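*Asks:* structure of the sequence below:
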Amino acid sequence: MVGVPASHTGWTFITSHARVLAVIADNPNVRIRDIAARCRLTERAVARIISDLEKDGYLSHTRDGRTNTYRIDPDKVLRHPAEAGLSVASLLSLLVQDETDRVRKPVAQ
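*Replies:* As a prediction, the model looks like this:
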């Protein structure tokens with residue numbers, strides 16, 4: 001894992017569900033603890049979000065010993081009527097853009 005981003009207060013454009021999904025897309029074997037650190041959420045909140053995503057068919061997992069491997073359904077469409085017709089793959093193409101580029105070229109604040 002690259003590093004935990006600095007904390008942030010105030011509103012943001014991306015929901016916690018989208019953030020969790022993006023982290024999983026980046027690494028399907030990621031641990032809940034690492035998702036929580038990266039998204040600045042509690043492990044309990046991440047577990048609840050994963051449950052929501054699985055319940056609605058956006059995500060599934062297989063268990064191998066103590067490791068979960070997540071699988072995202074890229075063809076599933078987003079839930080909100082304003083995004084009708086947009087797929088999870090479309091969202092993730094924006095959120096999971098080259099992580100290496102983000103690390104190499106930090107955005108000026």
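*Asks:* for the rest of this, base every contact and every neighbour count on C-alpha atoms.
*Replies:* OK.
*Asks:* rounded mean pLDDT for stretch 86-106, please.
*Replies:* Computed over stretch 86-106, the mean pLDDT rounds to 73.
*Asks:* any figure for the gap between Leu95 and Cys39?
*Replies:* Distance, Leu95 to Cys39, using CA to CA, to the nearest Å: 13 Å.
*Asks:* remind me which residues of the protein are low pLDDT?
*Replies:* 1-8, 97-109 (pLDDT under 70).
*Asks:* nearest residue to Asn29 other than its sequence neighbours?
*Replies:* Thr69 (4.7 Å; CA to CA, 6 or more residues apart in numbering).
*Asks:* dump the residue contacts of the one you found.
*Replies:* Neighbouring residues of Thr69 by CA atoms under 8 Å, 6 or more residues apart in numbering: 28-30, 61-63.
*Asks:* quickly find the element holding the closest residue to Val30 other than its chain neighbours.
*Replies:* Closest residue to Val30 apart from its sequence neighbours, by CA to CA, 6+ apart: Ile24 at 6.4 Å. Assigned by DSSP states H and E, Ile24 belongs to helix 16-26.
*Asks:* what is the nearest of the contacts of Thr69 to Trp11?
*Replies:* Val30 (26.0 Å; CA to CA).
*Asks:* pretty sure that closest one sits in a strand.
*Replies:* No: read with DSSP: H, G, I helix; E, B strand; the rest coil, Val30 is coil and lies in no strand.
*Asks:* distance of it from Pro81?
*Replies:* Val30 is 30 Å from Pro81, by CA to CA.
*Asks:* with neighbour numbers in mind, choose between these two.
*Replies:* Taking other CA atoms under 10 Å, Val30 and Pro81 do not tie; Val30 has more neighbours (17 against 8).
*Asks:* is it correct that Leu59 is in contact with Ile72?
*Replies:* Yes: here Leu59 reaches Ile72: they are 4.5 Å apart, a contact under CA atoms under 8 Å.
*Asks:* one step back: out of the contacts of Thr69, who's nearest Ser16?
*Replies:* The closest of the contacts of Thr69, once distances to Ser16 are taken by CA to CA, is Val30, at 16.1 Å.
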